[in-house]
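>>> coords please:
(2 chains)
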Amino acid sequence: MFAIEKLSKIYTSQHGTVRALDNISLTVERGSFLAVTGGSGSGKTTLLLTLGGLIRPTGGTVSFLGKTLYSMSEPELAEYRNRRVGFVLQTFNLIPYLTAIENVMLPMIFNSVRDGAAQSVAEELLDKVGLRDRQEHLPRELSVGQQQRVAIARALANSPDVILADEPTGNLDPSLSLEVLRILKELNEKERRTVILVTHSPEAAKFGCRQLRLKDGRIQDRLE
Amino acid sequence: MKLQTIMWRELWLRKSQLISALLGITLGIAVIVGIQSVSAVSEKAVAVSLDNLGANILVLPQAASVDDYYSADIDAPTFPEDYVERLATSMLPGVDNLSPKLTRRTRVGDVPIILTGILPANELASKPIWQTAGLVGPGVDPACDPANMALYPSYGYEDERLQRKAIDSLAPTDVLVGSSVAQRLNLREGQSVTIEGTSFSVARVLPETGTVDDSRVYAHLHTVQQLLGTGGQVSAIEIMGCCAAISDGLLGKLRNILPDTRITTINQIVSTQIQTNRLMSKISLVFLVIIIIVGAITIGNYMWANVEERRREIGILITIGTKRSAIYRLFLSKAIFLGVLGGLGGFIVGTGAAMVLGPQLAGLRVSPIPLFLLLAIVVAVLIALAGSILPVYRAARFDPAVIMQEV
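So this is what the prediction gives:
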C-alpha cells in the first residue's frame, strides 16, 4: 500500500537544523497493522503525518498504491486525506460546537456525500463504536474515551483504505486504551483496513502485526 | 449538515464576539447612512436656495451681449419665441424651467421702467408637448439636484414654489410691479397703470430685491410683444440648468440645438452651485472613507482573533481533507453574513437617527431612502470582506502538522 524510499525530513529554524527522518525506507502492505514506536523526538509522528500527506518530505518518496504522494497538487492531496485516509489523533480531535454525529459527518460533507446518506452512515459508525445513544451530544458532554471513539468513527466516515493513529491512547486510562486498541484491531482484522499506529507504549505496540522502532529519525528495529 | 451549519454553530458558540463585531459594523454603517441621509436632504435644500438666486443659463441672440440683457437696450436684437419650444422638445437632461423674456426700456410719465414680458407657468404647462418633456408641471424641483431626483420626493420646504419666484399665472391686462417703480409711481395692488397707451391692473407689488428687478414691470409676454410691435420675438430665454449637467457639457448641447444664438452662464450663480455641491460631496466622501477604513479594521481585528482562536478546528478541517477553497468559503460566508446583518442594522439605526436628529439639528425633515438600504448592505459586505481577506488567507494557509505539534 505504501512504498517509502529514502525518506528524510529536515526542520530548519533559527536555532539550527533537526533531522526528524533520516533515510527511511520501508513498505506497508495492504491490510497490515504496523505499530511505530520510539521515544520522544524519534520522528514517529513526522513519519505518520508524512504518510498522511500533511508534511512534505525534504528528500525521498512516498508512494500510495503506486502513486507518488507529493507529486500531487494541493487539492489532490486534500482529496487523498479525505477519501483514502482516516486520522485518529491524541488530542487533536473534535469540533467543539458540532454534535457527535455532525463531527462524524464532517469528512463526508467535504466529500460531497448527500446529507441523508451521510447521516445514516454516521449513525452506523457511531453504533459500531457504541455511541449511537450519544450522537446528539457535544464533545464536552462526552468523556475523553467517548470522544476518542467518536474520532475513530469520524476517521472511518469515507471508508478509508488506511487509518493513521497518532498516540490515540495517550490521554486515556488503561481500560479505555484497551477499548480503543481493540476497535483498531477489529477494523484491521474484520474489515481488512490498513492501520498504522504510532505509540510510545510497548503494550499498545503489541496490537500491531509488525513493529517498527525509530530512534533519531532512523529505523532501529523491525519486528515482524 | 452543510457548510453553513458549521458557520451558524460557530457564530452561536461565540455570541459575544459576534455581537461586538456586529455592533462595530452596524455603528459604522449607521454613521454613513445618517450622514448621507441628512446631507441628501440638506444638499436638496441648498439646491433650492441656490435656485432662488435665479436662472443660471441665458440664451441670447447671437449679436447680443449680457449687458444688452441687463440694460434692456431698445435696439437690442431678438430671436423667435419658437426657440423655447425647440428647447422644450429636445428632452435635454438637466434643463429645468424655461423662461422666455422680452425686455425694453420705456417710461410711465417721467419714471423710467424696464418693461419685461414673461410667460407665466400656467401657459407653459398648458402646452402638452412641454409637459411630456418634463420641463413644467405641478411641482418645481431644484435645478441643481445633486443626485437622482426620484430619490427625494420631499426636502422639507413647503413653499418651494414661492421661494423660486415662479409666477403661476398672469392675465393679459395684469402687471407685477417692482418695488422701486411702485414707490415712485405710488402704486398699490389693485390700482391701474397705463404703459405705452394701454391700461394694466397691478396684480402685485414685488418685494424689494436691491437689484435691477426693482425697476421692472412684468407683463404677459404676448401683451408686451403686441405693445412693442415685435411680433413673436423674445430677447432672451432664461434657463435653470442643473449645475452637474452644466459641468457635463450642457451648454454645448444647447448650442447644437440653437446654433444661431449666444448661450452663456451666469457665472456667479453656477460657480456657487458647483462649489457648494463639491464641498458637500467632499465632506461626505471623507466621512465615508474614514468609516470604511475603521470598519474594515474592526472586522479584520475580529476575524484575525477568530482565526487564531480557531486554529485547532482549522487544523482538524485541513487534516480530514477539507480543501482550502472550502476554508475560504467558510470564513468569507461568515464575513458576508456579518456584512448583510451590519448593513441592515446600520441602515435602520442610521435612518432612525437621521429622522430624529435631522429636524432638531438642521431643521430638515428626513425620510428613509430605500436605495440606501441596498448601498448600506453592499458597503458593509465589502467592508467585511476587505477586513477578512488577510485573516482568511492566513487560515487557509495554516499548516495542520505545526498546529498538532503546538497542542
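>>> in chain A, where is pLDDT below threshold?
A:92 (pLDDT under 70).
>>> closest residue of it to chain B?
A:Asn82 (2.4 Å; C-beta to the nearest C-beta). Any C-beta I mention is one placed from the backbone N, CA and C, and that applies to glycine too.
>>> surely that residue and B:Gly321 touch.
Yes - judged on C-beta atoms under 8 Å, A:Asn82 makes contact with B:Gly321 at a distance of 2.4 Å.
>>> report the contact partners of residue 106.
Since you didn't name a chain, this refers to chain A. Contact analysis of A:Leu106 by C-beta atoms under 8 Å, 6 or more residues apart in numbering or on different chains lists A:Ile95, A:Leu98, A:Arg154, A:Ala157, B:Met1, B:Leu317, B:Ile320.
>>> I was thinking of chain B, sorry if that wasn't clear
B:Pro112, B:Ile113, B:Ile114, B:Leu115, B:Ile195, B:Glu196.
>>> go with 7 Å
B:Ile113, B:Leu115, B:Ile195, B:Glu196 (C-beta atoms under 7 Å, 6 or more residues apart in numbering or on different chains).
>>> now do the same for the residue nearest in space to the middle of chain A: helix, strand or coil?
By C-alpha atoms, centre = their mean, chain A has its centre lying nearest to A:Leu164, at 1.8 Å. Classification of A:Leu164 using DSSP: H, G, I helix; E, B strand; the rest coil returns strand.
>>> what about the helices in the stretch 151-300 of chain B?
B:160-163, B:179-185, B:221-228, B:243-247, B:250-257, B:267-309 (DSSP state H, counting those that start in this stretch).
>>> looking at those, which is nearest to chain A?
Closest among the helices of the stretch 151-300 of chain B, using C-beta to the nearest C-beta: helix B:267-309, at 10.9 Å.
>>> next one: that closest one to chain centre, how far?
Distance of helix B:267-309 from its chain centroid, counting by C-alpha atoms, centre = their mean, to the nearest Å, is 19 Å.
>>> again, but for stretch B:40-47
Centre to centre, stretch against its chain (C-alpha atoms, centre = their mean), the figure for stretch B:40-47 is 7 Å.
>>> likewise stretch B:394-407?
For stretch B:394-407, the distance to the chain centre is 54 Å (C-alpha atoms, centre = their mean).
>>> can you give me the end-to-end span of stretch B:42-59?
End-to-end distance for stretch B:42-59: 30 Å, by C-alpha to C-alpha, to the nearest Å.
>>> which residue ranges make up the domains of chain B?
Using automatic domain parsing, the domain ranges for chain B come out as B:3-42+B:276-406, B:56-265.
>>> just put those domains in CSV and tack on mean pLDDT and distance to A:Gly86.
Compiled in CSV, the domains of chain B are given as follows (pLDDT from 0 to 100; distance: least, C-beta to C-beta, whole Å):
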stretch, mean pLDDT, distance to A:Gly86
domain B:3-42+B:276-406, 86, 8
domain B:56-265, 75, 59
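>>> in chain B, which residue sits nearest chain A?
For chain B, C-beta to the nearest C-beta, closest residue to chain A: B:Gly321, 2.4 Å.
>>> so what's B:Ala296 up against?
By C-beta under 7 Å, 6+ apart, B:Ala296 lies in contact with B:Ile383, B:Ala386, B:Gly387.
>>> my read: the last one touches B:Ile299, true?
Yes - with contact defined as C-beta atoms under 7 Å, B:Gly387 counts as touching B:Ile299 (3.2 Å).
>>> and the longest helix for chain A?
Ranked by residue count, the top helix of chain A under DSSP state H comes out as helix A:174-191.
>>> name the residues of chain A found near chain B, please.
Contact residues, chain A versus chain B (C-beta under 7 Å from any C-beta of the partner chain): A:49, A:54-55, A:74-75, A:78-79, A:81-82, A:87, A:89, A:91-92, A:95, A:97-98, A:102, A:105-107, A:109-110, A:115.
>>> among the residues you listed, which lie within strands?
In this view, these that belong to strands under DSSP state E are A:Phe87, A:Leu89.
>>> for B:Met7, which non-adjacent residue is closest in space?
Of all residues not flanking B:Met7 in the chain, B:Lys334 sits nearest, at 5.2 Å (C-beta to C-beta, 6 or more residues apart in numbering or on different chains).
>>> quick one, the strand or helix carrying the one you found and helix B:267-309 angle?
Assigned by DSSP states H and E, B:Lys334 falls within helix B:324-357. Angle, helix B:324-357 to helix B:267-309, by axes from the mean of the first three to the mean of the last three C-alpha atoms, to 10 degrees: 130 degrees.
>>> buried residues, helix B:324-357. List them.
Counting neighbours by 16 or more other C-beta atoms under 10 Å in any protein chain shown, one finds that the buried residues in helix B:324-357 are B:324, B:326-332, B:334-355.
>>> helix/strand/coil for the residue of chain B closest to chain A?
Per three-state DSSP, the local secondary structure of B:Gly321 is coil.
>>> which ones are touching the spatially closest residue to A:Leu212 that is not a sequence neighbour?
Sequence neighbours aside, A:Val36 is the residue nearest to A:Leu212 in space, at 4.9 Å (criterion: C-beta to C-beta, 6+ apart). Residues near A:Val36 by C-beta under 7 Å, 6+ apart: A:Lys44, A:Leu47, A:Leu48, A:Ile196, A:Leu197, A:Val198, A:Leu212, A:Leu214.
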